[in-house]
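Undergrad: Give me a model of this one.
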Amino acid sequence: MAGKQKPSHPNWTLTLGIGLALVIFLLGSGMLLWLYINQSGWMATQPNQEIENLQLEETQNEPSATPFMPLPTTTATPSFTPTVSVEPTFTPTITPTRTAAPTQGEIPDSAYISGVVGRPQLYTLDCEARSAVDWARFFGVNIDEQEFIDRTPLSDDPEEGFVGDVNSAMGQFPPDDYGVHPPPVATLLREYNLDAWEVVSMSYEDLQSEIAAGRPVIVWIVNLPFEIDTTIYIAPNGNSTVVARFEHTWIVTGYNRYTVTVIDSKWTYNVKLQNFLDRWAALGNRAIVMREQN
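TA: Okay, here's the model as predicted:
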């Protein structure tokens, strides 16, 4: 007897597998499409965002040329800008050139004399002799400094001669080691045929006129950088005079609105005007000038 044949049924397992695969494919495609759209948008905006951040950082680190100012609603008002003036400092300078002499009654704002050469002092207290022989050389008379020192009279009165030891400590009052005032120095210079004359209470305008006329001037001052310390000294002969610690001499060779140019032995430098005036006034604005006396 022949066996029975089983009825054929569709392979539901295969169908289910194909359907599931199709669903997975569709889901995967949709997800890929969604990712692609979002990824494209991110790629489009991200570079600009980085550039924005970079530009911001660079702007923060870079100083602004001008601060932000709101636009005015009315006519703009100019801002005030102060002007800073710098006062000249105390610095060495080259001896400048001589300027032309002014007309009578006219004092130029600045004047300088060339050709005055200072040399080193031989001793600690010989500034008056050093200034005198350097000043004389400018006017064509050569004097040996040691000879000038030896010929300067000695005295307890600085108005009559040198007080003390020429090679002693500075900064003392007479009758201790001190120096000499203008009268004996001018007298000795005249013995060398120089028209040297002492001036007392000389005005700054007169000093300017001498320099503008091409004539350097020896002045008696309180030396830098020491404080001004003066007193009245009564000499044994009864004469009284103003004396100062660190009494010193300079040769004035120039000036401008701010400074006075001086020769101090081997140095040439500028002194601030007010400082010069204070130190000169301490001893009574005393000087020696080249001037013919009628």
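
Undergrad: quick one, strands of the protein?
TA: With DSSP state E as the criterion, the chain has strands at 111-112, 196-199, 217-222, 230-234, 240-244, 247-255, 259-264, 267-272, 287-290.

Undergrad: Could you list the low-pLDDT ranges of the protein?
TA: 1-15, 29-105, 292-294 (pLDDT under 70).

Undergrad: circling back to that earlier point, can I get the strands of the chain in a markdown table including distance to Leu16?
TA: All C-beta atoms are positioned from the backbone trio N, CA, C, and that covers glycine. Listed next are these as a markdown table, based on distance: least, Cβ to Cβ, whole Å:
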| stretch | distance to Leu16 |
| --- | --- |
| strand 111-112 | 117 |
| strand 196-199 | 132 |
| strand 217-222 | 120 |
| strand 230-234 | 125 |
| strand 240-244 | 125 |
| strand 247-255 | 117 |
| strand 259-264 | 111 |
| strand 267-272 | 110 |
| strand 287-290 | 129 |
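
Undergrad: a markdown table please, covering these and showing mean neighbour count.
TA: As requested, the strands of the chain are exported to a markdown table (neighbours: other Cβ atoms under 10 Å):
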| stretch | mean neighbour count |
| --- | --- |
| strand 111-112 | 21 |
| strand 196-199 | 20 |
| strand 217-222 | 25 |
| strand 230-234 | 13 |
| strand 240-244 | 18 |
| strand 247-255 | 26 |
| strand 259-264 | 24 |
| strand 267-272 | 17 |
| strand 287-290 | 23 |
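
Undergrad: Out of those, which is closest to Arg119?
TA: strand 259-264 (9.7 Å; Cβ to Cβ).

Undergrad: So which other helices or strands are in contact with that closest one?
TA: Secondary-structure packing of strand 259-264 (3 or more Cβ pairs under 8 Å, 6 or more residues apart in numbering; DSSP states H and E): helix 127-138, strand 247-255, strand 267-272, helix 273-281.

Undergrad: send the alpha carbons of it over as PDB?
TA: Taking C-alpha atoms only, strand 259-264 is exported to PDB below (Å, rounded to 0.1, in the frame of the first residue of the first chain):
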ATOM      1  CA  THR A 259      69.500 126.400  32.900                       C
ATOM      2  CA  VAL A 260      72.900 128.100  33.400                       C
ATOM      3  CA  THR A 261      76.000 126.600  31.800                       C
ATOM      4  CA  VAL A 262      79.000 126.600  34.100                       C
ATOM      5  CA  ILE A 263      82.600 125.500  34.100                       C
ATOM      6  CA  ASP A 264      83.700 123.900  37.300                       C
END
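
Undergrad: what angle do that strand and helix 273-281 make?
TA: 50 degrees (axes from the mean of the first three to the mean of the last three Cα atoms, to 10 degrees).

Undergrad: Neighbouring strands - and their directions - for strand 259-264?
TA: In the sheet, strand 259-264 lines up against strand 247-255 (antiparallel), strand 267-272 (antiparallel) (DSSP bridges).

Undergrad: Quick check: which of these is nearest to Asp206?
TA: Among the strands paired with strand 259-264, the nearest to Asp206 by Cβ to Cβ is strand 247-255 (11.5 Å).

Undergrad: wait, doesn't Thr261 sit right on Trp267?
TA: No. Assessed by Cβ atoms under 8 Å, Thr261 is found out of contact with Trp267, at 11.2 Å.

Undergrad: okay if I get the helices and strands packed on strand 259-264 as TSV plus distance to Gly19?
TA: Formatted as TSV, the helices and strands packed on strand 259-264 follow (distance: least, Cβ to Cβ, whole Å):
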stretch	distance to Gly19
helix 127-138	122
strand 247-255	114
strand 267-272	107
helix 273-281	110
